[in-house]
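1. turn this into a model:
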Amino acid sequence: MFPFIFMVPAAAVVGVVALFMHLHKRNRAGWNTEEPVVADRAGAYRSSQKTVGIVERIRDVPTEVQVAAIMALFLGIMWIPSIPIVGVGVMVEADEGPGLAMLFGIPGLFLSFAHLILGLRFTKRTENARGIARGVAIWSVVHNVALLAFTVMVNVAGHVSKSIDIVHFDKVGVVVFVYASASLGYAAYAFYAAKVHEALDRLGRVEEQPSRIEPNVILAGLADGASAPLAAPVTGPVNSALGADGPSWP
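-> Sure thing, here's the model as predicted:
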């Protein structure tokens, strides 16, 4: 029985890490950055031609997003061991009146499950992923600020209900206080990770780039910027130095 107690959390840790590695591997390619490339080359009639194309650079999932995702997965599995604890608390409080389990335990289960969803989705490069992160962070702030206020109130005021007195600091109040504080810290980090998520998502995208579908060779001698179609886009490294029209490659 004693080794089994340690095997369960160890299996949970291994499971979370394995799940995160699978999600990271599956979503990593989605973070590759796209860059427009303009290369100068010698043209006919002593003029220059500029070939516009799209080059994809390999990029990993942002570190901040990875950290936030795996932490969310760990917070997300907490609803599993919390079910029996909250269930016992609700049964006790059914006779003595609402307490920690009814007021915060049941909502906490749903919040923990929301963290699990966040962990599963956050490594994706989508606007919905960072929307979930911000939503879960706001929910966590409201929930845990209320929980901390409830704990402080119980410790400074007298109560006759045992279901409420359970959060006295000489009982489980310290655990509640530490866990709520850690959750608030994660919420702040989730907000930060969502900002990084959004910034790097937009940085690596090329919007409204018609040359990606039908790149053009622009002839200097044509009037009003007229262009002639090019047979194929630029897909490989460009060795020439680029001017003000585009970034250098590589």
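
2. who's the closest spatial neighbour of residue 20, skipping the chain neighbours?
-> Counting by CB to CB, 6 or more residues apart in numbering, residue 70 is the residue found nearest to residue 20 once chain neighbours are left out, at 4.7 Å. Where C-beta positions appear, they are placed from N, C-alpha and C, glycine not excepted.

3. name the helix or strand for the one you found, please.
-> Using DSSP states H and E, residue 70 sits in helix 63-76.

4. which of the residues in that helix are buried?
-> 64, 65, 66, 68, 69, 70, 71, 72, 73, 74, 75, 76 (16 or more other CB atoms under 10 Å).

5. list the contacts of the residue lying closest to the last one once chain neighbours are set aside.
-> Read that as residue 76. Distances taken as CB to CB, 6+ apart place residue 116 nearest to residue 76, at 2.7 Å, with adjacent residues excluded. By CB atoms under 8 Å, 6 or more residues apart in numbering, the contact set of residue 116 is 72, 73, 75, 76, 77, 79.

6. report the contact partners of the residue nearest to residue 20.
-> Here residue 70 is in contact with 16, 17, 20, 119 (CB under 8 Å, 6+ apart).

7. got a list of what the first one touches?
-> Under the criterion of CB under 8 Å, 6+ apart, the neighbours of residue 16 are 70, 73, 74, 77.

8. tell me the spacing between it and residue 23.
-> 11 Å (CB to CB, to the nearest Å).

9. can you check the second one too?
-> For residue 17, the distance to residue 23 equals 11 Å [CB to CB].

10. for the two, indicate the residue with more neighbours.
-> residue 23 (21 against 13; other CB atoms under 10 Å).

11. for the record, mean pLDDT for the helix or strand harbouring residue 95?
-> According to DSSP H and E, residue 95 maps onto helix 79-96. What helix 79-96 shows for mean pLDDT is 82.

12. next: stretch 200-219.
-> Across stretch 200-219, pLDDT averages out at 56.

13. now stretch 172-192
-> Average pLDDT, stretch 172-192: 91.

14. residue 124 - that's part of a strand, no?
-> No. Assessed with DSSP: H, G, I helix; E, B strand; the rest coil, residue 124 is coil; it does not lie in a strand.

15. I'd say it and residue 29 touch.
-> No. The pair residue 124 / residue 29 is not scored as a contact, 11.2 Å apart, by CB atoms under 8 Å.

16. those two - which one has more neighbours?
-> Neighbours per residue (other CB under 10 Å) separate residue 124 from residue 29, with residue 124 holding more: 20 against 13.

17. and that one, what are its phi and psi?
-> phi -80, psi 150 (degrees, to the nearest 10).

18. next: residue 172.
-> phi -110, psi 10.

19. returning to what we had before: ok and the helix or strand harbouring the residue nearest to residue 76 relative to helix 63-76, angle-wise?
-> For residue 116, the element it lies in under DSSP H and E is helix 106-121. For helix 106-121 against helix 63-76, the angle by axes from the mean of the first three to the mean of the last three CA atoms, to 10 degrees is 140 degrees.

20. next secondary structure element downstream of helix 106-121?
-> Next along the chain after helix 106-121, with elements defined by DSSP H and E, is helix 127-156.

21. list the buried residues of that following helix.
-> Going by neighbour count (16+ other CB under 10 Å), the buried part of helix 127-156 is 129-130, 132-134, 136-137, 139-141, 143-144, 147-148, 150-151, 154.
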